[in-house]
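> Okay, sequence plus prediction incoming.
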Amino acid sequence: MTVSFHHHLRNGDFILNNVIYALAKRGIRDITVAASSIFPIHEPLVEHMKNGVVTQIIADYISGPVAEAISKGYSKKPSIMMTHGGRPRAIESGDLHIDAAFIGAPTADTYRDGTVIDVVRKVIS
């Protein structure tokens, strides 16, 4: 499974961590994380890499504990660095297939459609 994330929340992003936690709790493994960027806030990915939940990371920027974990060989598959524009090109061309994309939605309707938790529930149920 390949899951995609935006990065506009930068080092204040809890969406990626929460989604991967929810997927791991469901027993889903061998996940490729295709994120625009990985920041120090994403340190929980390291444990998911060690236990086989996350096996590959594709991003245009990786820093902090996740970068260190990759350099120590914790990722079971090679990490792929793409330019910021190369990632959408890869998605559009089909070179990078995304199974589920998660975004931070600043608003939602009265039925909660479009909220992050609503999207997570739909994907993992």
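Structure received. Because the structure is predicted, anything quoted here is derived from the model rather than measured.

> make it CA atoms for all contacts and neighbour counts henceforth
Noted.

> ok, and for stretch 39-57, which residues are buried?
39-46, 48-49, 51-57 (16 or more other CA atoms under 10 Å).

> any idea how far that stretch is from the chain center?
In this view, stretch 39-57 has its centroid 9 Å away from the chain centroid, taken as CA atoms, centre = their mean, to the nearest Å.

> Would you confirm that N17 contacts E47?
No. Assessed by CA atoms under 8 Å, N17 is found out of contact with E47, at 11.2 Å.

> how close does the nearest residue to H6 once chain neighbours are set aside sit to H97?
Excluding the flanking residues, the one nearest H6 by CA to CA, 6 or more residues apart in numbering is S36, at 5.5 Å. Counting by CA to CA, to the nearest Å, the separation of S36 from H97 is 14 Å.

> okay, the two: which has more neighbours?
Comparing S36 with H97 by neighbour count (other CA atoms under 10 Å), the higher total belongs to S36, at 23 against 15.

> measure that one to S4 for me?
The gap separating S36 from S4 is 8 Å, by CA to CA.

> got it, and K50?
On the measure of CA to CA, K50 and S4 end up 20 Å apart.

> Same check on P44?
Look at P44 and S4: by CA to CA, they are 16 Å apart.

> pull the longest helix from the chain.
Secondary structure of the chain per DSSP state H: the longest helix is helix 15-25.

> Give the rounded mean pLDDT of it.
Helix 15-25 comes out with an average pLDDT of 94.

> Check which residues of stretch 65-85 are buried.
Those would be 65-67, 69-70, 74-76, 79, 81-82, for stretch 65-85 by 16+ other CA under 10 Å.

> Next, format the residues you listed as TSV and append secondary structure and pLDDT.
Shown next, in TSV, are those (DSSP: H, G, I helix; E, B strand; the rest coil; pLDDT from 0 to 100):
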residue	secondary structure	pLDDT
P65	helix	98
V66	helix	98
A67	helix	97
A69	helix	98
I70	helix	97
Y74	coil	96
S75	coil	95
K76	coil	96
S79	coil	96
M81	strand	94
M82	coil	92
